[in-house]
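Asker: Sequence and predicted structure, then a few things I'm wondering about:
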Amino acid sequence: MPFAGRRPILPVLVLILILAPMLAKADPDYETLSGPARAIDADTLEFGFKRIDLWGADAMNRFQKCMVNGQSTACGAEAWQVTTNLLVATPIACEVRGKNRYHRNMAVCRNANGVDIGQSLIARGMAVARPDQMPEYVLIEDRAKQGKTGIWVGQFIDPLKWRRGERLPEHETEVRRWQRDN
């Protein structure tokens, strides 16, 4: 029985050959990703431990505020809620288009109903279009502006500038430090 010890190796080799193509797709730089997702921010989705930013749509940041009729509104939280509601129709399917400065994949994502999440955020006035990524989103943004939908009804800081620290005058905070009298 010289071959008796070698028999268990054959099924393992067959299993490796069958699983090899599936394991190759588990690379961190993937082309598509689908399944249930949750909204980290209005334009950042998380699939387990993998995060994807929306391509072509830059949404209000989760803690961003806007002004409507002289009143401060939580437009970032509203945008996050819109995304959360769009993610209910699972699975979410994302097609990667590039990477951002954080080396995170950026993708066009659709829910199970075929709704483009980035496009929907722009149409609802919860995000601005990034024409360098998705020129076709500009027409949708123009319609939201004309209809004074979402953020277009009041004042807001572009999400890119907001992430860099720019705020509406009403939302700037003054930092004071204690000084000891000498």
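Answerer: Nice, thanks for sending it over. Residues are numbered from 1 along each chain as shown.

Asker: going forward, measure contacts and count neighbours with C-alpha atoms only.
Answerer: Fine.

Asker: Next, count neighbours for residue 144.
Answerer: By other C-alpha atoms under 10 Å, 22 other residues sit near residue 144.

Asker: That one: which element?
Answerer: Following DSSP states H and E, one finds residue 144 within helix 137-146.

Asker: who touches the closest residue to residue 63 other than its chain neighbours in this structure?
Answerer: Using C-alpha to C-alpha, 6 or more residues apart in numbering and skipping the chain neighbours, the partner closest in space to residue 63 is residue 76 (5.4 Å). Contacts for residue 76 (C-alpha atoms under 8 Å, 6 or more residues apart in numbering) come out as 42, 59, 60, 61, 62, 63, 64, 65, 126.

Asker: repeat that for 7 Å
Answerer: By C-alpha atoms under 7 Å, 6 or more residues apart in numbering, the residues touching residue 76 are 60, 61, 62, 63, 64, 65.

Asker: Residue 166 now?
Answerer: Residue 166 makes no contacts at all, as judged by C-alpha under 7 Å, 6+ apart.

Asker: Ok, residue 43 next?
Answerer: Neighbouring residues of residue 43 by C-alpha under 7 Å, 6+ apart: 53, 54, 58, 59.

Asker: before we move on, back to that, out of the contacts of residue 76, grab the one that's most surrounded.
Answerer: Highest count within these by other C-alpha under 10 Å belongs to residue 60, 32 neighbours.

Asker: what about that one, distance to residue 33?
Answerer: 24 Å (C-alpha to C-alpha, to the nearest Å).

Asker: How about residue 113?
Answerer: Using C-alpha to C-alpha, one gets 16 Å for the distance from residue 113 to residue 33.
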